[in-house]
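Sequence first, then the predicted structure:
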Amino acid sequence: MKIKAIALFGGSFDPIHLGHIRAADAAYKIIGADKLVFIPAKRSALKPNSPAACDADRLNMVRLAIGENDRFEISDCELQKPFPSFTLDTVRRFKSRYGNKAAIYWLLGADGVKDLPLWHNIEELIDECFITIMRRPEYDVSNLERYTELWGAERVKKLQENIIQTPLIDISSTEIRDRIAKNLDVSQMLAPAVAEYIEKNNLYKSKSD
């Protein structure tokens, strides 16, 4: 099958949770993508602290979370690159792989919109792919016009046209790590296989445990 649209979902996934999976599933359907690729990040240039779990553990957890879902794939391309890793380079990698006629969608949680002005070559990124903003409960993405002077009206319009309504599931990886460190239940936030992996490998436990 010739690929026409591919959605890329990058993030620390530290750990990946049900909010990620449900949002990805909704985005896949709304976009009409041929496939959706989860891309664990080695480390964000905007987040100087390393992920709590190592690269291999985060990769394994994503693999367990997506299971046998043939709509989803995983790529370790960013984990293989030296720090810093830029989204534009990753988008170009997939454009090269699938051809310029394939539409590339980069999924972004609404909480990440405020950092867009700091992204590497953000204007080129907006031009080369569809940055697709997924709504989150506590973040307002209705005022993108404030970036018009920075990026121009056409780029802002493109961003506005790619705001999608995914399930408003109020779960965060930070909350999950904090709950695990306090020995609190997180079973309703994670795929069972991921919860089992975290327990088996003693991830996110407090140092005193």
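Yes, it's here. Keep in mind the model is a prediction, meaning the values are calculated, not measured.

Using PDB, write out the CA atom coordinates for stretch 145-162.
Extracted as PDB, the C-alpha positions of stretch 145-162 are listed here (Å, rounded to 0.1, in the frame of the first residue of the first chain):
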ATOM      1  CA  GLU A 145      -3.000  34.700  16.500                       C
ATOM      2  CA  ARG A 146      -0.400  36.100  18.900                       C
ATOM      3  CA  TYR A 147       2.300  34.300  16.800                       C
ATOM      4  CA  THR A 148       1.300  36.100  13.600                       C
ATOM      5  CA  GLU A 149       4.100  38.700  13.800                       C
ATOM      6  CA  LEU A 150       6.600  35.900  14.400                       C
ATOM      7  CA  TRP A 151       5.600  33.400  11.700                       C
ATOM      8  CA  GLY A 152       3.200  35.100   9.400                       C
ATOM      9  CA  ALA A 153      -0.600  34.800   8.900                       C
ATOM     10  CA  GLU A 154      -0.400  31.800   6.600                       C
ATOM     11  CA  ARG A 155       1.600  29.700   9.000                       C
ATOM     12  CA  VAL A 156      -0.700  30.600  11.900                       C
ATOM     13  CA  LYS A 157      -3.700  29.700   9.800                       C
ATOM     14  CA  LYS A 158      -2.100  26.300   9.000                       C
ATOM     15  CA  LEU A 159      -1.700  25.700  12.700                       C
ATOM     16  CA  GLN A 160      -5.300  26.700  13.500                       C
ATOM     17  CA  GLU A 161      -6.600  24.400  10.800                       C
ATOM     18  CA  ASN A 162      -4.900  21.400  12.400                       C
END
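
Any chance you could list what contacts that stretch?
105, 116-117, 122-123, 126-127, 130-133, 144 (Cβ atoms under 8 Å, 6 or more residues apart in numbering). Any C-beta I mention is one placed from the backbone N, CA and C, and that applies to glycine too.

What about those residues, which are in helices?
Members of the contacts of stretch 145-162 lying in helices (criterion: DSSP state H): 122-123, 126-127.

ok, which pair from the residues you listed is furthest apart?
Using Cβ to Cβ, these span at most 9.7 Å, a distance reached by 122 and 127.

Compare these two (neighbour count), which wins?
Neighbour comparison, residue 122 and residue 127: the larger count goes to residue 122, with 19 against 13 (by other Cβ atoms under 10 Å).

Assess the claim that that one and residue 113 are in contact.
No. Distance between residue 122 and residue 113: 11.4 Å, which falls outside the contact criterion (Cβ atoms under 8 Å).

that older thread, residue 196: which of the ones in helices among the contacts of stretch 145-162 is nearest?
Looking across these and measuring by Cβ to Cβ, the closest to residue 196 is residue 122, at 39.0 Å.

Excluding chain neighbours, what is closest to the closest one?
The shortest distance from residue 122 to any non-neighbouring residue, by Cβ to Cβ, 6 or more residues apart in numbering, is to residue 116 (5.8 Å).

ok, that neighbour - contacts?
So, once contact is read as Cβ under 8 Å, 6+ apart, residue 116 ends up touching 122, 131, 147.

partners of the closest residue to the second one other than its chain neighbours in the sheet?
Leaving aside its sequence neighbours, residue 131 sits nearest to residue 106 (Cβ to Cβ, 6+ apart; 5.1 Å). On the basis of DSSP bridges, residue 106 takes part in beta bridges with residue 8, residue 131.
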